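Q: mind folding the following:
(one chain, ligands or ions: 2)
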Amino acid sequence: MGRKSVEIVGLDVKGLIADLNSALADEWNATYQYWIASKIAMGINAPTVIKALEEILKDEQEHANELAERITQLNGTPITNPKKFGELCKCKFIEPPKDPSDLKKIVDDVLLAEACAIEGYNKLAEKTRGKDHVTYHLAVHIMQEEIEHEAKFELLLAKL
Ligand SMILES: [Fe+2]
Ligand SMILES: [Fe+2]
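A: Numbers count the residues shown, from 1 in each chain. Ligands and ions are numbered 1, 2, ... in the order given. Below you'll find the model as predicted:
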């Protein structure tokens, strides 16, 4: 968008946009992973797990919004075709377990996605620190929320 706002980025902007799009693919994969799990989860503790999944997937969608906003600020285009998610993501999309009453597996898989997200945003923060303050703050902000998600699901797993 703004010429100056792109000019002050002390990094290869194309590469940065690619990193942001990769994170965007991960956020949509996580959103779908949590959403589909929330639709099929079964068993006595399913309501608790479903509630947690529904809450967290809203955060992941918000992360996707924030990433898309930063990409357009940098004159980039957020991924326009979901077919690209698989190609661009850094974290693998994890299908729900064959047995939808295996709530432990559902939560374990969420924890894998959260761990991968934390690692990704940590790397993005390291890469942008002192070079692109706006993306740096965004990466740290999202990472803080991913850390909260991990803690929440670790607690939930201990109760299952
Ligand atoms: Fe996220
Ligand atoms: Fe998360």
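Q: contacts, neighbours, all on C-alpha from now
A: Noted.
Q: any weak-confidence spans in the chain?
A: 1 (pLDDT under 70).
Q: again, 80 this time
A: Within the chain, the stretches with pLDDT under 80 are 1-2.
Q: quick one: Ile8 from Glu62, how far?
A: Here the distance between Ile8 and Glu62 works out to 26 Å (Cα to Cα, to the nearest Å).
Q: of the two, who's got more company?
A: Here Ile8 and Glu62 are set side by side on neighbour count (other Cα atoms under 10 Å), and the busier one is Glu62, at 15 against 11.
Q: the more buried one sits in which helix or strand?
A: Assessed by DSSP states H and E, Glu62 sits inside helix 46-73.
Q: following that helix, which helix or strand comes up?
A: Following helix 46-73 in sequence order, the next helix or strand is helix 85-88 (DSSP H and E).
Q: do I have it right that Asp109 meets Pro97?
A: No - contact criterion Cα atoms under 8 Å: Asp109 and Pro97 do not qualify, at 9.0 Å.
Q: more neighbours: the two, which one.
A: Neighbour count, other Cα under 10 Å: between Asp109 and Pro97, Asp109 has more, with 19 against 16.
Q: which residue is the nearest non-sequential neighbour of the more buried one?
A: If the residues on either side of it in the chain are set aside, Asp109 comes closest to Ile94, at 6.8 Å by Cα to Cα, 6 or more residues apart in numbering.
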